[in-house]
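**Q** Dropping the sequence and predicted coords here.
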Amino acid sequence: MLAIRLPPEIEERLVELAQRTGRTKTFYAREAIERHIEDLEDIYLAEKELAKVRSGHSKTQSLAQAMKAHGLEG
């Protein structure tokens with residue numbers, strides 16, 4: 001179960017879309033989440049990892065090093 005508060009202008013758009021299409025607001029909220037959650041995960045997890053790299057708690061390697069480590073040298 002999820003309850004969210006939307007800005008009034010978004011709520012109005014959602015209500016109108018639901019009324020005009022005969023679908024529920026829940027349908028469109030679910031659709032929006034399903035379409036965008038992977039992008040959000042990528043963004044926030046990348047930001048978290050970048051913070052770890054910048055603080056010295058995570059190390060990086062070059063593409064050449066990664067390829068060599070996985071036996072992909074050309």
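**A** That came through fine. Residues are numbered from 1 along each chain as shown.
**Q** Check what pLDDT the most centrally placed residue in the chain gets.
**A** Among the residues of the chain, the one closest to the centroid is residue 40, at 1.2 Å (C-alpha atoms, centre = their mean). Residue 40 is assigned 96 on the pLDDT scale.
**Q** now residue 34
**A** 97.
**Q** coming back round to it: ok, the residue nearest to the centre of the chain to residue 33 distance?
**A** Applying C-beta to C-beta, to the nearest Å, the value for residue 40 to residue 33 is 9 Å. Where C-beta positions appear, they are placed from N, C-alpha and C, glycine not excepted.
**Q** can you check residue 64 too?
**A** For residue 64, the distance to residue 33 (C-beta to C-beta) stands at 39 Å.
**Q** Next: residue 24.
**A** 14 Å.
**Q** Check residue 50 too.
**A** Taking C-beta to C-beta, one finds residue 50 at 25 Å from residue 33.
**Q** same deal with residue 41?
**A** 12 Å.
**Q** Also residue 15?
**A** Taking C-beta to C-beta, one finds residue 15 at 18 Å from residue 33.
**Q** Name the helix or strand of the protein that has the lowest mean pLDDT.
**A** When the helices and strands of the chain are compared on mean pLDDT, DSSP states H and E, helix 63-69 comes out lowest with a mean of 93.
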